[in-house]
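*Asks:* here are the coordinates; sequence isn't available:
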């Protein structure tokens, strides 16, 4: 009951108009409880989990966090059977997991680290050594940003997140009050703690009544767009790799339609996109100009069933250049989890 009370207390925090904290502070107050609970279950430092959440969500403000309750940017992967959403990250139109609430995202993040062989060595580290964990995550390929470890360490030290590595799930609220002592003088906040405690006692002692049936009017059905209307609504987008112009095909069609719509010859489109057939499938990426020789990030882990053409389109790289960077023969397929180089490795001196 104490743990539940603490969660409720922290969630209430952001609702008071008297508070003027920045997004990062609000995020810490809301989600420190989850990070500590995950630390107890999976032995992942709470400071690391919170810092990753802060970074990935921009203090809880990212589209993935707001719409998908996804706080760690975890992509679908082959084993995911839950809800999904499309989002542009390193490449356009990537598939990301969608959760019912942030707690599921925190749990899935722990499972993700604990069950993948790339991260196995992390669990040999001291759970209170956040610096070793930060560098270990970068070395294991969790992120492509070369400064990733330093950014995590900076956030942990700026907000003293290492203090959460020293507490258990029943002590999180006291750690919050220690970090933000001004809360003790906030009568509204302190009153909310007592109120929440009373509410939780009542819930335990007296079962909630059965919900009343509500009969609502059936929602009006929206008119379904025709395939032609969907295709004609295609908009040109800018790719993260240098702003290349591209489109995502919303319905199955052919190259002739795209050529006619954007006034580009079929030959050029076939060449720029290394196409072997003029048939285009839904969600396929098609570039409207020649792709680049390098990617916008250094390396990428191939996903299940992806081929080199899929990766070339995802990152806006010429297919022959991608084969060359990875010393692979034309037509050779990568295995799931294989590191694919998107920028040529510098020769050693």
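*Replies:* Looks like it arrived, so ask away. Keep in mind the model is a prediction, meaning the values are calculated, not measured.
*Asks:* quick one, strands of this protein?
*Replies:* Using DSSP state E, the strands found in the chain span residues 84-87, 94-97, 237-238, 245-248, 253-254, 279-280, 285-287, 299-301, 339-341.
*Asks:* isn't residue 274 right up against residue 321?
*Replies:* No - the pair residue 274 / residue 321 is not scored as a contact, 10.9 Å apart, by CB atoms under 8 Å. Where C-beta positions appear, they are placed from N, C-alpha and C, glycine not excepted.
*Asks:* against residue 254, how distant is the residue nearest the centre of the chain?
*Replies:* Nearest residue to the geometric centre of the chain (CA atoms, centre = their mean): residue 73, 1.1 Å. Distance of residue 73 to residue 254, computed by CB to CB, to the nearest Å: 34 Å.
*Asks:* check contacts around residue 80.
*Replies:* residue 97 (CB atoms under 8 Å, 6 or more residues apart in numbering).
*Asks:* should've said residue 257
*Replies:* For residue 257, the contact set (CB under 8 Å, 6+ apart) comprises residue 231.
*Asks:* please list all residues in contact with residue 102.
*Replies:* Residue 102 makes contacts with 31, 34, 65, 69, 71, as judged by CB under 8 Å, 6+ apart.
*Asks:* was I right about residue 53 contacting residue 32?
*Replies:* No - look at residue 53 against residue 32 with CB under 8 Å: they stay out of range, at 9.8 Å.
*Asks:* what about the stretch 201-349 of the chain, any weak spots by pLDDT?
*Replies:* Residues of the stretch 201-349 of the chain meeting the criterion pLDDT under 70: 201-224, 345-349.
*Asks:* one more pass at 80, please.
*Replies:* Low-confidence segments of the stretch 201-349 of the chain, defined by pLDDT under 80, are located at 201-233, 304, 344-349.
*Asks:* where along it do the helices fall?
*Replies:* Listed from the start of the chain, the stretch 201-349 of the chain has helices (DSSP state H, counting those that start in this stretch) covering 227-232, 255-262, 266-272, 308-315, 319-325.
*Asks:* now the second one: how far from the chain's centre is it?
*Replies:* Mean-position distance between helix 255-262 and its chain equals 34 Å (CA atoms, centre = their mean, to the nearest Å).
*Asks:* ditto for the last one
*Replies:* Distance, stretch centre to chain centre, for helix 319-325: 28 Å (CA atoms, centre = their mean).
*Asks:* cool, the third one as well?
*Replies:* Here the centre of helix 266-272 is set off from its chain's centre by 34 Å, with CA atoms, centre = their mean.
*Asks:* ok, and the most crowded of the contacts of residue 102?
*Replies:* residue 71 (28 neighbours; other CB atoms under 10 Å).
*Asks:* in contact with that residue, which residues?
*Replies:* 31, 53, 56-57, 60, 64-65, 102, 105-106, 109.
*Asks:* next: residue 247.
*Replies:* Neighbour list for residue 247: 234-237, 258, 262, 285-286, 288 [criterion: CB under 8 Å, 6+ apart].
*Asks:* show me which of these are buried.
*Replies:* Among those, those scoring as buried are 234, 237, 258, 285-286, 288 (criterion: 16 or more other CB atoms under 10 Å).
*Asks:* which of those residues sits closest to residue 250?
*Replies:* Closest approach to residue 250 among the buried ones among the contacts of residue 247 (CB to CB): residue 234, at 6.3 Å.
*Asks:* which of the residues in stretch 27-40 are buried?
*Replies:* Buried residues in stretch 27-40, defined by neighbour count with 16+ other CB under 10 Å: 27-39.
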